[in-house]
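Novice: Fold the following for me, if possible:
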Amino acid sequence: MKKCIVVSGPTRFAALAFKDDFTASIRKVAQLGYDAVELAIRDPRAINVEDIENLLASLNLPVAAIGTGQAYGDEGLSFTDPEERVRQRAIQRVKDHIALAARWQTQVIIGLIRGKVTAGTPRELAQSWLVAALQECCALAEQQGVNLVLEPINRYETDLINTIAEAIELIRLVGSDNLKILADTFHMNIEEPSIVESIKTAGPYLTHFHIADSNRWAPGYGHLDFPSIISTLKEINYQGAVSAEILPKPDPETCAGATINYLVRLGL
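Specialist: Residues are numbered from 1 along each chain as shown. Alright, predicted model coming up:
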């Protein structure tokens with residue numbers, strides 16, 4: 001398993017240790033000793049891809065996954081928006097992420113960009129939009145050799161796909177081998193009866209893993225049982241990244257340093 005943490009550019013989303021200076025944050029991640037970085041990129045067309053590639057290569061730092069949530073949080077793009085033009089922009093944006101992921105040999109996270117059931121839209125209709133969007137994106141992902149990773153998110157942030165079981169059912173409906181699961185300890189603590197058992201259930205689909213403690217601070221600052229969580233990941237032979245998506249408290253460098261020190265103590 002690779003020790004990893006999320007880096008983003010400026011965004012409204014709060015649970016990010018690093019979200020100010022993009023390139024300086026990537027350097028800091030390498031300096032702290034992380035094995036990989038997860039990059040949250042709102043719009044791949046708005047970044048200098050070659051400059052970032054050169055920086056990552058100089059630091060020998062692979063990209064474990066590309067996050068897409070800022071396209072929803074900062075621009076309102078989603079697969080289930082009532083307006084078709086917005087849904088189409090969301091699909092095109094994820095296709096742009098897939099092209100970047102193919103270039104960087106990584107995967108694309110489907111988090112809040114999937115959307116929610118908005119007022120006046122029947123749940124069945126929103127679900128059909130979501131399935132159709134994922135099928136279209138997965139078709140390109142299959143061609144490019146890229147996985148999309150669906151993140152179950154707690155009920156206070158979306159009412160579509162809150163649990164591991166719901167994610168597995170959606171994967172069945174979409175029908176693509178390139179649609180996988182990202183499990184997140186913060187969301188599982190709210191939605192799952194047992195985090196350990198849910199990890200085991202997700203095992204065959206699990207290609208990315210987020211950690212945050214019960215209060216979304218760095219692991220060790222809340223009440224989650226991370227020794228059991230990491231032990232379960234080892235038990236299922238999980239080989240992906242363990243990526244911290246955490247609040248920058250008490251400050252970015254302290255929480256990022258505390259996270260990697262804690263993961264090392266747990267044997268990663």
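
Novice: Check the secondary structure at the residue positioned nearest the centre of the chain for me.
Specialist: For the chain, Ile109 is the residue whose C-alpha lies nearest the centre (Cα atoms, centre = their mean; 4.6 Å). Following DSSP: H, G, I helix; E, B strand; the rest coil, Ile109 is assigned to strand.

Novice: Report the beta-bridge partner residues of it.
Specialist: Applying DSSP bridges to Ile109 gives these bridge partners: Val149.

Novice: so it makes contact with Ala183?
Specialist: No. With contacts counted by Cβ atoms under 8 Å, Ile109 stays clear of Ala183, the gap being 11.8 Å. (Each C-beta comes from the backbone N, C-alpha and C, glycine too.)

Novice: Show me the common contact partners of the two, please.
Specialist: Listed as contacting both Ile109 and Ala183 by Cβ atoms under 8 Å, 6 or more residues apart in numbering are 151, 208.

Novice: Distance from the chain centre to stretch 197-214, please.
Specialist: 12 Å (Cα atoms, centre = their mean, to the nearest Å).

Novice: Could you work out the end-to-end span of that stretch for me?
Specialist: Stretch 197-214 has an end-to-end distance of 17 Å (Cα to Cα, to the nearest Å).

Novice: Show the contacting residues for the residue nearest to the centre of the chain.
Specialist: 38, 65-69, 148-149, 151, 182, 208.

Novice: Kindly report the same for Ala99.
Specialist: Ala99 sits in contact with 44, 144, where contact means Cβ under 8 Å, 6+ apart.

Novice: again, only using 10 Å
Specialist: 44-45, 49, 108, 140, 144, 146 (Cβ atoms under 10 Å, 6 or more residues apart in numbering).

Novice: partner residues bridging Val7?
Specialist: Phe18, Leu39.

Novice: Quick check: it vs Thr201, distance?
Specialist: Using Cβ to Cβ, to the nearest Å, Val7 is found at 30 Å from Thr201.

Novice: and what of Ile109?
Specialist: Distance from Ile109 to Thr201, by Cβ to Cβ: 20 Å.

Novice: show me where this protein has strands.
Specialist: 2-8, 36-40, 63-67, 108-110, 148-150, 179-184, 206-211, 241-244 (DSSP state E).

Novice: Now do the buried residues in the third one.
Specialist: Right, the one you point to is strand 63-67. Within strand 63-67, the residues that qualify as buried are 63-67, counting by 16 or more other Cβ atoms under 10 Å.

Novice: Looking at these, which one is closest to Ile171?
Specialist: Ala65 (17.1 Å; Cβ to Cβ).

Novice: neighbour-wise, which of Val7 and Thr201 wins?
Specialist: Set Val7 next to Thr201 and count neighbours by other Cβ atoms under 10 Å: Val7 wins out with 28 against 20.

Novice: Throw the buried residues of strand 63-67 into JSON lines and include distance to Phe226 and pLDDT, thanks.
Specialist: Formatted as JSON lines, these follow (distance: Cβ to Cβ, whole Å; pLDDT from 0 to 100):
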{"residue": "Val63", "distance to Phe226": "24", "pLDDT": "98"}
{"residue": "Ala64", "distance to Phe226": "19", "pLDDT": "98"}
{"residue": "Ala65", "distance to Phe226": "20", "pLDDT": "98"}
{"residue": "Ile66", "distance to Phe226": "25", "pLDDT": "98"}
{"residue": "Gly67", "distance to Phe226": "22", "pLDDT": "97"}
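
Novice: I'd like those laid out as TSV, including distance to Ala167.
Specialist: Output for the buried residues of strand 63-67, formatted as TSV (distance: Cβ to Cβ, whole Å):
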residue	distance to Ala167
Val63	23
Ala64	19
Ala65	16
Ile66	19
Gly67	17
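
Novice: Next, count neighbours for Arg265.
Specialist: 11.

Novice: Kindly report the same for Ser214.
Specialist: With other Cβ under 10 Å as criterion, Ser214 counts 14.

Novice: Torsion angles phi and psi at it?
Specialist: Backbone torsions of Ser214, given as degrees, to the nearest 10, read phi -60, psi -30.

Novice: Let me see the contact set for the closest residue to it other than its chain neighbours.
Specialist: With sequence-adjacent residues excluded and distances taken as Cβ to Cβ, 6 or more residues apart in numbering, Ser214 is closest to Gly222, at 3.6 Å. Going by Cβ under 10 Å, 6+ apart, Gly222 touches 185-186, 189, 212-216.
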